[in-house]
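Asks: when you get a sec, could you give me coordinates for this:
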Amino acid sequence: MRFNEIIEKEITEIEDIGELSYGKGWQGHKRYFVKPKEILRQDNLILVSSTDDKFNSISIAWFDPSEYEKKHKKPFPTIKSMREINNPDLILASVLETNKPSTLGGRLTVTIVGTEPKYQGKGLAFKLYDYVIKNFGRLYSDSKQSPAGRAMWLKLFKSGKYNIKAEDLSTSETAPVKLVDDTLVSKLDLDSKSVRLFAEAK
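Replies: Residues are numbered from 1 along each chain as shown. As a prediction, this is how the structure comes out:
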């Protein structure tokens, strides 16, 4: 699978993220956390953000320190640098990556989302979307959504926490979306590559 085919799919498959990580597998995606900043600790996980100037990206992720803490019998140190990120006992559980707002016409857009199978079903990806929307503002869907990506936007809509609309990037026309038979629909063609969903905090 080519690089551009991988990054155009929301939510990205675990094995595809591994391919983006130069053959180092899912945990190899930790290499993109070049300027990590610990945000909070919740439910035995650590929320970390980072920017990558080389790829003009913003990454937000949940990390699991439990293997380290079991082995060393002490809390994982505060994450301040790649030194902590690269600890083999710190496990990347779920990640959301966007472009920097200064790219893609100023539209903050999902490029990669993935959750390690062991951590699926815990709502971690939803919390990452929530964090980005609340702290960075309007968030756009990727140009190509997997079934899991569509399900995530449906979950965002059903939560009632966000204003969600569609936008045709070629014309800047926006339109409301609504729920019909458990599917998001709009007068804009949501299957068109130029049409994206976006979410804002209410």
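Asks: can you pull the phi/psi pair for the residue of the chain most remote from its centre?
Replies: The outermost residue of the chain relative to its centre, with distances by CA atoms, centre = their mean, is K73 at 31.2 Å. The phi/psi pair for K73 (degrees, to the nearest 10) reads phi 60, psi 40.
Asks: quick check: it vs S146, distance?
Replies: Between K73 and S146 the computed distance is 40 Å (CB to CB, to the nearest Å). The way it works is simple: take the backbone N, C-alpha and C, and place the C-beta from them, glycine included.
Asks: I'd like to know how many residues surround S66.
Replies: 13 (other CB atoms under 10 Å).
Asks: F55 too?
Replies: Neighbour tally, F55, other CB under 10 Å: 16.
Asks: check L92 too.
Replies: Residues near L92, counting by other CB under 10 Å: 23.
Asks: low pLDDT regions in this protein?
Replies: 1-25, 102-104 (pLDDT under 70).
Asks: and the helices in it?
Replies: Assignment of helices within the chain using DSSP state H yields the ranges 3-7, 14-20, 66-72, 82-85, 124-136, 147-159.
Asks: measure the residue farthest from the centre of the chain to D130 for me?
Replies: 33 Å.
Asks: same question for S194.
Replies: For S194, the distance to D130 - CB to CB - is 27 Å.
Asks: comparing these two, which shows the higher neighbour count?
Replies: Remark: of S194 and D130, D130 carries more neighbours, 18 against 12, as counted by other CB under 10 Å.
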